[in-house]
Structure formats: structure tokens, C-alpha cells
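Asks: model this:
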Amino acid sequence: MRTTAAELLRDQLKLTGTKVSCELQVCGACTILVNDAPVSSCCMLACDLDGTTVLTVEGVANGRELHPLQEAFVETNALQCGFCTPGFIMMTLGLFAACPAPDAAKVREWLDGNLCRCTGYQPIETAVLLAAERLQDGTARA
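Replies: Next up, the predicted model:
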């Protein structure tokens, strides 16, 4: 059987924050971080996770304290139904690992592969830039 990373996370480990939508690597809903790099868990085989460090949206907050990025999403109303939010959060954390102080163009480039059907992209971009600013200037709470 060829179990995907998404199936392992959702079905076996019960980490259901990672969403599955297109199963073709085009929507971004299933994004997780593997060794700090964003990957589409819907198309990655679970066996390829062996020996790696995996982060899902469940590991982003510090207990009940939201990560500054999550706080910014709430503060700027960058989510509605929330289905796409975990993928955006994980892709953005990958962006922050690669480029801690992105500008709007870099944010758009990195989030280009993540789809949202209800919020629109401006609040998401605003949230990402706000979180990046707070993380850089030390005003982030987490």
C-alpha cells in the first residue's frame, strides 16, 4: 500500500489540521513542513518522512498560546471557513524560514500555490506581513 503523508497524519495519527482537497499538489491545503521546507503531504509518501523533522499546524501554537502568525490571521480576519488556513500558515512558516523579512511581492510569490475560496487574498497577505514585522521587531507575543 502507498500511504501518503497526509493519510498517515490524518488517518493514523489523527492530526486532522492538515487538509486534503485537490490531491494533485495545486491547492496548498495539505502543506506541512518537512525539515523546515513546505511540501504537499497529499503527494508525498509517508515512508519518505522517515528520518525527517515534520511540523504540522498542530505544532505551531505553544500550548494554548497562538503563534504570532496565527494571531495575525485572527486579527486581520484572514480566515473565514478556515479550510485553507493550515496550508497558508505552514507555507508562510516555510517562507519565514527562508526569508524572515519578506516584502509583499515575496509573500505573493510564496503563497501563489495556496487557494482560498472565501476570504480573498488581501487579508492573508496583510496577516503575513504583520506577523513578519512583529517577529522582526520583537513585538510578537510568542
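Asks: which phi and psi does residue 45 have?
Replies: Backbone dihedrals for residue 45, given as degrees, to the nearest 10, come out at phi -70, psi 140.
Asks: Which pLDDT value belongs to residue 100?
Replies: For residue 100, the model assigns a pLDDT of 95.
Asks: can you check residue 142 too?
Replies: We have a pLDDT of 49 for residue 142.
Asks: before we move on, what about residue 5?
Replies: Residue 5 is given a pLDDT of 98.
Asks: and what of residue 26?
Replies: Note on residue 26: pLDDT of 89.
Asks: Ramachandran coordinates for the nearest residue to it once chain neighbours are set aside?
Replies: With sequence-adjacent residues excluded and distances taken as C-beta to C-beta, 6 or more residues apart in numbering, residue 26 is closest to residue 113, at 7.0 Å. C-beta coordinates here come from the backbone N, C-alpha and C atoms, glycine included. Dihedral pair for residue 113: phi -90, psi 0, per degrees, to the nearest 10.
Asks: How about residue 2?
Replies: Main-chain torsions, residue 2, degrees, to the nearest 10: phi -110, psi 90.
Asks: Quick one: list the elements packing against the helix ranked longest in the chain.
Replies: Identified as the longest helix of the chain according to DSSP state H is helix 122-137. If you count contacts as 3 or more C-beta pairs under 8 Å, 6 or more residues apart in numbering; DSSP states H and E, helix 122-137 packs onto helix 68-75, helix 85-98, helix 104-111.
Asks: what's the closest of the ones you listed to residue 46?
Replies: Nearest of those to residue 46, taken as C-beta to C-beta: helix 85-98 at 17.1 Å.
Asks: So which elements touch the closest one?
Replies: Contacts defined by 3+ C-beta pairs under 8 Å, 6+ apart place helix 85-98 against strand 31-34, strand 37-40, helix 68-75, helix 104-111, helix 122-137.
Asks: what stretches of this structure score poorly on pLDDT?
Replies: Along the chain, segments meeting pLDDT under 70 span 141-142.
Asks: Now the residue nearest to the spatial centre of it. Nearest residue, chain neighbours left out?
Replies: What sits nearest the mean C-alpha location of the chain, by C-alpha atoms, centre = their mean, is residue 90, with 1.7 Å. Using C-beta to C-beta, 6+ apart and skipping the chain neighbours, the partner closest in space to residue 90 is residue 31 (4.3 Å).
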